[in-house]
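Colleague: no sequence on this one, just coordinates:
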């Protein structure tokens, strides 16, 4: 039931209620907690400070104000309001303009321009490009573009794509064009493994990943995150998502952003079910314990942020993550389609210079049976990737528009899109023909020492037709070009030998610890085994395997990437398919959560 209305422009909160009204205005610091002795909010602490001060504190107590029944109108001066009308609940949110932070970023912008040699003399070029990056978890390109996915969003992208066709060019009212990349290959089925390359331009090395999951501190060695580039160049910035403002499913937050979205609302079910699972008929757990979905607030926050500074600061950067598709229910993101397409249309109508990148980390996860996916493995390894760009930019640089058009059918990685985002943030301060973000040599692949790819900016570089996974820095085990054959006898001797290697690897995380609650796992059976029989792996006398197996303890089901090379067998990656959060009450905190199965009390 909706009983509270908020005008985000005037900040007027109007409530119609015939019962007692209770309101809890919660600041960002209250939401995340402030630890005694620290003079800044928790979300602004660096990883080193987090480590020094220990685990995150509990949120401060709620402070409820009570009002008599009847119409109530007041000005909302906080970013969050939890409103009760009797037992009914509504949540309302704001992005508040921060003039102090704006002045700081304006000064930083001026200094960056001075360092670059002064602002451009070309009046047709804006002072900065507003950039929006939307990361949609677990969304394949095919899943987004088909009619059961995001049909209104897909229709907008197609509409904008056709606006640059010879038939439509110069005849359309559109200010922007779109490009949809059909061959973005993910690094695997793990969000961080794809998003560290996107946000940070480097691999997420297993030791950093496992240590981060164990300690709750996530700080991979990145030279400069994309939000760090934005901050250095004087952008005001907003970060968040539909579960919290944590990124990549880790404790990492944007500690340089001028604005953060908060914990958006109290979900209808327990935290372990907070990924939009079907709770009851026509009700998803992503639905707030009120009258709106979380993603509605995310879209409204984003649009309001760009509006707040539109008149006096062109350098605006926002990015958020959507996890509505990170569920077993196929195409669950369909429910947000109308609002998402509406937000995109509104943003490009009001921001003629804006660039939008809408993409996914990976496609559907391994918890979804392959037989249930119309696109088979293509729906797992080919995530959504699209870019919306202003017509004037393409008109001014036709050679780069041609690159984008051709690269829609060329092989790409998240490393390439990292360069694209940074080149847009740096323009026009850094001319496109002199951009440092055109191409970049990647570090040696953390699993395959023979792989050292090159990242190519799809706007500034034409990707070669013969580019393969290794050229793009992608391992054989997740390469879409690899050919896999299923074992006729998945629980055979060879397959069990490989699965046992994976079980031994899991046990190595805890079997030498004293008084650990983690159980030594024993192999039950191999559910599925696939072997790479083609592609570049054979050139190195290597065989790549994907082994899905179950253990008696838990019981639990696991997926492991295993490689055989010159007589050596190595476990490259492993994760538990069954949810491991249920072991949280008994797990050993010294051990990476996904590597600890323990005995729960009855």
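Modeller: On my side now, so go ahead. Bear in mind the structure is a predicted one, so any value in this text is a computation, not a measurement.

Colleague: point out where the stretch 251-400 of the chain drops to low pLDDT.
Modeller: The model of the stretch 251-400 of the chain has pLDDT under 70 over residues 251, 262-290, 326-331, 365-375.

Colleague: do a quick rundown of the helices in it.
Modeller: Ranges of helices in the stretch 251-400 of the chain, per DSSP state H, counting those that start in this stretch, are 294-308, 337-350, 378-381, 391-396, 398-407.

Colleague: same thing with the stretch 451-600 of the chain?
Modeller: Using DSSP H, counting those that start in this stretch, the helices assigned to the stretch 451-600 of the chain run over residues 493-507.

Colleague: where do the strands sit along it?
Modeller: 454-456, 484-486, 523-532, 542-551, 556-565, 568-576 (DSSP state E, counting those that start in this stretch).

Colleague: so what strands line up beside the second one?
Modeller: Just to be clear, that refers to strand 484-486. As defined by DSSP bridges, the strand partners of strand 484-486 come to strand 523-532 (antiparallel).

Colleague: for the partner strand, which positions count as buried?
Modeller: In terms of neighbour count (16 or more other Cβ atoms under 10 Å), strand 523-532 has its buried residues at 523-524, 526-532. For every residue, glycine as well, the C-beta is placed using N, CA and C.

Colleague: and the angle from that strand to strand 556-565?
Modeller: Taking axes from the mean of the first three to the mean of the last three Cα atoms, to 10 degrees, one finds strand 523-532 and strand 556-565 inclined to each other by 40 degrees.

Colleague: what's in contact with strand 523-532?
Modeller: The contact list for strand 523-532, computed with Cβ atoms under 8 Å, 6 or more residues apart in numbering, reads 476-477, 482-487, 490-492, 495-496, 498-500, 503, 543-552, 555, 557.

Colleague: okay, the angle between that strand and helix 493-507?
Modeller: Compare the direction of strand 523-532 with that of helix 493-507 by the same axes, to 10 degrees and you get 110 degrees.

Colleague: strand 523-532: how far from the chain's middle?
Modeller: Offset of strand 523-532 from its chain centre (Cα atoms, centre = their mean, to the nearest Å): 30 Å.

Colleague: if I pick residue 381, what's in contact with it?
Modeller: Residue 381 sits next to 185-186, 362-363, 478-480 when contact means Cβ under 8 Å, 6+ apart.

Colleague: how much space between it and residue 364?
Modeller: Here the distance between residue 381 and residue 364 works out to 10 Å (Cβ to Cβ, to the nearest Å).

Colleague: again, but for residue 589
Modeller: With distances defined as Cβ to Cβ, the gap from residue 589 to residue 364 amounts to 32 Å.

Colleague: so for those two, which sits in the more crowded spot?
Modeller: Counted by other Cβ atoms under 10 Å, residue 589 and residue 364 do not tie: residue 364 has more neighbours, with 28 against 12.

Colleague: residue 140 is in contact with the more buried one, correct?
Modeller: Yes. Using Cβ atoms under 8 Å as the test, residue 364 is close enough to residue 140 to be in contact (6.0 Å).

Colleague: give the residues shared as contacts by the two.
Modeller: With contacts taken as Cβ under 8 Å, 6+ apart, residue 364 and residue 140 have 379-380 as neighbours in common.

Colleague: what is the neighbour count of the nearest residue to residue 145 once chain neighbours are set aside?
Modeller: For residue 145, the nearest residue in space outside its immediate sequence neighbours is residue 154; the separation is 4.7 Å by Cβ to Cβ, 6 or more residues apart in numbering. By other Cβ under 10 Å, the residues close to residue 154 number 19.
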